[in-house]
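> Pasting the sequence and the predicted model now:
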Amino acid sequence: MLFLLTRVNTLSLVHQQVPCMPTKRPTQADVARAAGVSRATVSYVVNGLANSQVSISRTTYQRVQAAITELEYHPDARAQSLRSGGATNTIGLLLPDMHNPFYWKIASGVEQEAQNAGFDLLLFSTSLNAEREEHTLRALARRQIDGLILNLTFPGRISEALKLLARRHNPVVILGKPVPNLDAVEVKPGYQEHAHEIMAHLFALGHRRIGFIYGLVNQEIDAGRLNAYREALQMFGLPMDETLVDRCGATLADGYRAAHRLLACKPRPTALISLNDLLAIGALRAIHEQGFTVPRDLSIVGFDNIDMAAYLHPPLTTVHYDANAVGHEAVKLILARLKEPERPVQVIQIPTHLMLRASTGPVLES
């Protein structure tokens, strides 16, 4: 389980490297003495009550802030949470894979919207591992977090952990296929519809041997994507050839190796569909190493439209998912649920579309 808070305290790293006696954490009483004010005045400033509920002069306010800075005073988050009835101004985000830039765009959208609302972001990654995902969800159920945004990999295996989260009555937003009784942000059309659209595009260009880079850490994660590929072949009257499906991992190197294996098929495929853009980028290197030119000799299609997809040579044909918008909408759902806990369940749909670029072209006549 990986978790990161967007604010990093570098002092803790120094303390690990240089043995020293523990220092006393500064308190509000210390700040009050340094500023020459009462402890109550410090509390009003720290908790944002100055001049909204309690009148404090600008000079006094500045003196308190200067003392806070000088003493490096940080409020105790747990104590603040108790005083505010459990509120921590923190949103948790669980993502399945931190190696894929697509998920970083989701995280960026979440962070931007959270910061605009005065919230911190606590980020977790489970590396596409079922045990880690379940363990992380159970750990989150015990943490003081105002809301959670979950991009789940194994929703069927963690139903009990989700019920535990729901019992806490904290807002939970699902990214992807909606879960009963929880708010969600999903992309529409989904993978199946776009698989058919991609196949129609390649079929119109004359492609009949179309390989599939099926790159997942666990092949049980999303069998629906492989089924969508099979259905699309059947729709266009093409046979299912298992030698054209490479079941690999989820990294750049996996895409690279998968393309090498698929290009060794006899006869070789004239087009490749990749489960995501990251795998397609790895595949492009393998294609060029074998002396082929894209799209003259081989077409390739990805999914997700990560930023670098438009800057490859050639630019990658891919399915555009606005991952940044997914993050923004998820935070908006959290904030709305915090204000109105009993509101009806909301499912926000983010539109997607096939983005045609120069990595796909017609089959050359032999």
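Great, that's in hand.

> Tell me, please, where in the stretch 1-150 of the chain the pLDDT is lower than the cut-off.
Within the stretch 1-150 of the chain, the segments meeting pLDDT under 70 span 1-24, 47-54, 75-87.

> Apply 90 and report the result again.
Scanning the stretch 1-150 of the chain with the threshold set as pLDDT under 90 gives 1-29, 38-62, 64-66, 68-89, 97-99, 125-145.

> Would you state the helices of it in chain order?
11-17, 28-35, 39-46, 58-71, 77-83, 101-116, 130-141 (DSSP state H, counting those that start in this stretch).

> before we move on, what about the stretch 201-350 of the chain?
223-235, 252-263, 277-289, 323-339.

> quick one: buried residues of the shortest one?
By 16 or more other C-beta atoms under 10 Å, the buried positions in helix 252-263 come out as Leu252, Asp254, Gly255, Tyr256, Arg257, Ala258, Ala259, His260, Leu262, Leu263. The C-beta positions use only the backbone N, C-alpha and C, and glycine is treated the same way.

> Select, from these, the two members most distant in space.
Leu252 and Leu263 (16.9 Å; C-beta to C-beta).

> can you redo the helices of the stretch 201-350 of the chain as CSV with mean pLDDT and distance to Thr69?
Shown next, in CSV, are those (pLDDT from 0 to 100; distance: least, C-beta to C-beta, whole Å):
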stretch, mean pLDDT, distance to Thr69
helix 223-235, 87, 52
helix 252-263, 97, 44
helix 277-289, 97, 43
helix 323-339, 96, 29
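
> Now do the contacts for Ile348.
Applying C-beta atoms under 8 Å, 6 or more residues apart in numbering to Ile348 gives the contacts Asp183, Ala184, Val185, Glu186, Glu329, Leu333.

> Could you look up the SS state of the third one?
Under DSSP: H, G, I helix; E, B strand; the rest coil, the three-state class of Val185 is strand.

> ok, how many other residues are close to the residue nearest to Ala161 when sequence neighbours are not counted?
Setting aside the residues directly before and after it, Ala161 is nearest to Leu137 in space (C-beta to C-beta, 6 or more residues apart in numbering), at 3.8 Å. Residues contacting Leu137 under the criterion other C-beta atoms under 10 Å number 22.

> so how far is Glu160 from Leu137?
Distance of Leu137 to Glu160, computed by C-beta to C-beta, to the nearest Å: 9 Å.

> can you check Cys248 too?
From Cys248 to Glu160 the distance is 31 Å (C-beta to C-beta).

> Look at these two and report which has more neighbours.
Cys248 (24 against 11).

> Let me see the contact set for that one.
Cys248 neighbours (C-beta under 8 Å, 6+ apart): Ile213, Tyr214, Gly215, Asp254, Gly255, Arg257, Ala258, Leu279.

> per-residue confidence at it?
With respect to pLDDT, Cys248 scores 92.

> what number of residues lie near the nearest residue to Gly176 once chain neighbours are set aside?
Distance criterion C-beta to C-beta, 6+ apart; nearest residue to Gly176, sequence neighbours excluded, is Glu186 at 5.9 Å. Neighbour count for Glu186, taken as other C-beta under 10 Å: 15.

> Contact partners for Glu186?
Per C-beta under 8 Å, 6+ apart, neighbours of Glu186: Leu175, Gly176, Lys177, Pro178, Val347, Ile348, Gln349, Ile350.

> Which strand or helix spans the third one?
Assessed by DSSP states H and E, Lys177 sits outside every helix and strand.

> need the contact list for the residue nearest to Ala161.
Counted by C-beta under 8 Å, 6+ apart, Leu137 has contacts Leu94, Leu150, Ile158, Ala161, Leu162, Leu164, Leu165.
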